[in-house]
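*Asks:* Sequence first, predicted coordinates after that:
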Amino acid sequence: LDLVERTTQAIPQAGGNKGPLEQIFRVLNLAVECFIDLNTLDIADWFLANLTRFMTAFLTLMGCNFPALDSPDDELPGLLDENKAVILKCITLCLEKFDEDFQPYVEKFTVAVWELLQSVSPQPKHDQLCVEAMGFLTGVSRTIYHKLLSDQEKQKVICEKIIIPNVELRDLDLEMFEDDPIEYIRRDIEGSDSDTRRRSACDLIQGLSKNYEQTVTDTFQRYIAFLTEQYSSNPNNWKAKDTAMYLITALTVRGATTQHGTRRINDMVNIGDFYQGHVVPELQDPSCPNAKYPVLKADAIKFVSCFRLQIPKDRYVPLLQMLAGWVKCPSEVVHSYAAASIERLLMARDDNNQLRLQKDEWKDLAGLLLQNLFQTLQASKEENEYVMKAIMRVIMNGQENLGQFVPHILPILTSILSQVAKNPQHPTFNHYLFESLSGLVKFNNGTLSQIEQAVTPIFTDILGSDTAEFMPYVFQIFAQMLEQHAEVNAQYMAMFAPMLTPSLY
């Protein structure tokens, strides 16, 4: 406490000079980190007794503005930004865990954070500061202090000045979409975007909706309509539609999981109309599989995945046909999203835990799905786990309906297996590859001899080269094939003695 107070009081003496200020804020950053570490589990009585002195210093620091401490690097935050971010992390901790003790300071910090968020720049160096600030406001919106944000004019300002600017696609996001698609996908559909502006803005929308669903919904629906109209009047405003697509998802979803999709929604949002008016036209684009604005195609496909349980079942087959086209899109993000969406539509279940789409309902599309998925998989520079998983799901759910395709897809799968066996790199991709082979064995007994002839030489090489990560898969598939024989033939008997080798165990 003494260190925090003394260094804070020393700030005016630095006179705005960079050297002294850097020393002061390095010390302050460490001191605030110590405060967090010491109070993460529970706040000590000594800290409670001196909370006013800490919070007075923190409020003073939140109001500081020294251009000398601004980072010249667009990517890296400056010391002052780091200080404000760690203070925001600290007061969010106090708000969530010690709300009664923190009550006297909530309003003052809310005002300080409110003003900060309206002035912070979109540069990457301010990302963490912005994320922490929105995290604090989200905490306020979900606690007993939500009335501080109850005024409709405040909510309008939050929408205009805080949420929409932080949801808009930035140039660096577009660069990631084009140059680092794996990282873009990881952040966007795998849920690893918890430290991004977009995710924090989404959390803030849902926090405000907890107590003010009607007014928040009305406010955001007006902006969504405005943004979609901007795109309709001039398609060059495609980023406006991207923002609208993200906002409608954040506004609508009330309960969702990656595995099952959205289970609970905001009933005040007509998701069906938005789907028909703004999502389907993107998927029906006659330029498919090429896209002038691939980000919008990715948005539309992600929307289908997210709201698959709200889309009527009778539209699934036409949807699968459209998605099969987008699997061939040159954009890695788009064809990965399309493959992921195909897999999730085939796995979608109703309230009785029954598949919404039975195998006989989409059997006529199986050939098209497999053809396009394999074409994309073979053209990919890297092993695409989303495409491989979609192939696995088509095989597993199609079952015996795929018997006619086994002669065509088996050579491709074994060729891929031969390649990855030389240098296994992607465990998830490899898992789906072996699951695909297992599905062929399980559901296509009539082609068992053909499958055995194709995989046995490769499996023998894997066992001979002692490729440890593949050996469990090999033995499991051998066991599957053996179970389908009435008698143990010479091929399997020859494996018996080597399998008793102690080194295998």
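*Replies:* Received the coordinates, thanks. Since the structure is predicted, the reported quantities are computational estimates derived from the model, not experimental observations.
*Asks:* Val140 reaches Ser150, doesn't it?
*Replies:* No - using C-beta atoms under 8 Å, Val140 makes no contact with Ser150, being 10.9 Å away. For glycine as for every other residue, the C-beta is placed from the backbone atoms N, C-alpha and C.
*Asks:* Low-confidence ranges, this structure, go.
*Replies:* Under the criterion pLDDT under 70, the flagged ranges of the chain are 190-194, 497-498, 503-505.
*Asks:* Which other helices and strands does the lengthiest helix in it contact?
*Replies:* Identified as the longest helix of the chain according to DSSP state H is helix 197-233. Judged by 3 or more C-beta pairs under 8 Å, 6 or more residues apart in numbering; DSSP states H and E, the packing partners of helix 197-233 are helix 127-142, helix 152-157, helix 164-167, helix 238-252.
*Asks:* Can you mark which positions in that helix are buried?
*Replies:* Buried positions in helix 197-233, judged by neighbour count with 16 or more other C-beta atoms under 10 Å: 197-209, 212-213, 215-217, 219-221, 223-224, 227-228, 230-231.
*Asks:* and the angle for it with helix 238-252?
*Replies:* Angle, helix 197-233 to helix 238-252, by axes from the mean of the first three to the mean of the last three C-alpha atoms, to 10 degrees: 120 degrees.
*Asks:* for helix 197-233, the distance to its chain's centre please.
*Replies:* 19 Å (C-alpha atoms, centre = their mean, to the nearest Å).
*Asks:* just stretch 248-260 next, same as before
*Replies:* Counting by C-alpha atoms, centre = their mean, stretch 248-260 comes out at 12 Å from the chain centroid.
*Asks:* got the angle between the longest helix of the chain and helix 127-142?
*Replies:* Using the same axes, to 10 degrees: helix 197-233 against helix 127-142 is 90 degrees.
*Asks:* Please list all residues in contact with Glu382.
*Replies:* Shown in contact with Glu382 (C-beta atoms under 8 Å, 6 or more residues apart in numbering): Ile182.
*Asks:* is it true that Ala57 touches Val4?
*Replies:* Yes - between Ala57 and Val4 a contact is recorded at 5.0 Å, counting by C-beta under 8 Å.
*Asks:* For burial, what's the neighbour tally of the closest residue to Arg198 other than its chain neighbours?
*Replies:* Closest residue to Arg198 apart from its sequence neighbours, by C-beta to C-beta, 6 or more residues apart in numbering: Val167 at 5.6 Å. Close neighbours of Val167, defined as other C-beta atoms under 10 Å, add up to 22.
*Asks:* Arg199 is in contact with Val167, correct?
*Replies:* No - judged on C-beta under 8 Å, Val167 makes no contact with Arg199 at a distance of 9.8 Å.
*Asks:* Ser256 looks like it's in a strand, true?
*Replies:* For the record, residue 256 is Ala, not Ser. Yes - under DSSP: H, G, I helix; E, B strand; the rest coil, Ala256 sits within a strand.
*Asks:* ok, it - how many residues close by?
*Replies:* 17.
*Asks:* That one: what's its closest spatial neighbour, skipping adjacent residues?
*Replies:* Nearest non-adjacent residue to Ala256, counting by C-beta to C-beta, 6+ apart: Thr262, 4.2 Å away.
*Asks:* The one you found contacts Leu309, correct?
*Replies:* Yes - using C-beta under 8 Å, Thr262 is in contact with Leu309, at 6.1 Å.
*Asks:* roughly how far apart are Pro77 and Thr215?
*Replies:* 34 Å (C-beta to C-beta, to the nearest Å).
*Asks:* residues in contact with Ile301?
*Replies:* The contact partners of Ile301, by C-beta under 8 Å, 6+ apart, come to Leu283, Leu323, Trp326, Val334, Tyr337, Ala338, Ser341.
*Asks:* if you set the cut-off to 7 Å instead, what comes out?
*Replies:* By C-beta atoms under 7 Å, 6 or more residues apart in numbering, the contact set of Ile301 is Leu323, Trp326, Val334, Tyr337, Ala338, Ser341.
*Asks:* mind checking the SS state of the fourth one?
*Replies:* I take that to be Tyr337. helix.
*Asks:* Check the first one too.
*Replies:* For Leu323, the reduced secondary structure class is helix; criterion used: three-state DSSP.
*Asks:* Is Thr262 in a helix, a strand, or coil?
*Replies:* strand.
*Asks:* Quick check, it in contact with Thr249.
*Replies:* No - Thr262 is beyond contact range of Thr249, at 8.8 Å (criterion: C-beta atoms under 7 Å).
*Asks:* how many neighbours does Lys18 have?
*Replies:* Around Lys18 there are 14 residues (other C-beta under 10 Å).
*Asks:* What residues does Asn401 make contact with?
*Replies:* Lys359, Lys363, Ala366.
*Asks:* one more time with 10 Å
*Replies:* Lys359, Asp360, Trp362, Lys363, Asp364, Ala366, Val394, Phe443, Asn444 (C-beta atoms under 10 Å, 6 or more residues apart in numbering).
*Asks:* how far away is the first one from Leu345?
*Replies:* The one in question is Lys359. With C-beta to C-beta as the criterion, Lys359 and Leu345 are 13 Å apart.
*Asks:* Give me the more crowded residue out of those two.
*Replies:* The neighbour count for Lys359 versus Leu345, taken as other C-beta under 10 Å, is higher for Leu345 (23 against 18).
*Asks:* Torsion angles phi and psi at the more buried one?
*Replies:* phi -70, psi -40 (degrees, to the nearest 10).
*Asks:* Distance-wise, check it relative to Arg264.
*Replies:* 20 Å.
*Asks:* Pro72 too?
*Replies:* 47 Å.
*Asks:* quick one, which of these two is more surrounded?
*Replies:* Arg264 (10 against 7).
*Asks:* So Asp73 sits against Pro124, correct?
*Replies:* Yes - Asp73 is within contact range of Pro124, at 9.2 Å (criterion: C-beta atoms under 10 Å).
*Asks:* higher neighbour count, the two?
*Replies:* Taking neighbours as other C-beta under 10 Å, Asp73 and Pro124 compare with Pro124 leading, 15 against 11.
*Asks:* which residues does that one contact?
*Replies:* Counting by C-beta under 10 Å, 6+ apart, Pro124 has contacts Asp73, Asp74, Glu75, Leu76, Pro77, Arg170, Leu172, Arg197.
*Asks:* Arrange these in JSON lines, one row each, with distance to Tyr105 as further columns.
*Replies:* Output for the contacts of Pro124, formatted as JSON lines (distance: C-beta to C-beta, whole Å):
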{"residue": "Asp73", "distance to Tyr105": "33"}
{"residue": "Asp74", "distance to Tyr105": "33"}
{"residue": "Glu75", "distance to Tyr105": "33"}
{"residue": "Leu76", "distance to Tyr105": "30"}
{"residue": "Pro77", "distance to Tyr105": "25"}
{"residue": "Arg170", "distance to Tyr105": "33"}
{"residue": "Leu172", "distance to Tyr105": "35"}
{"residue": "Arg197", "distance to Tyr105": "26"}
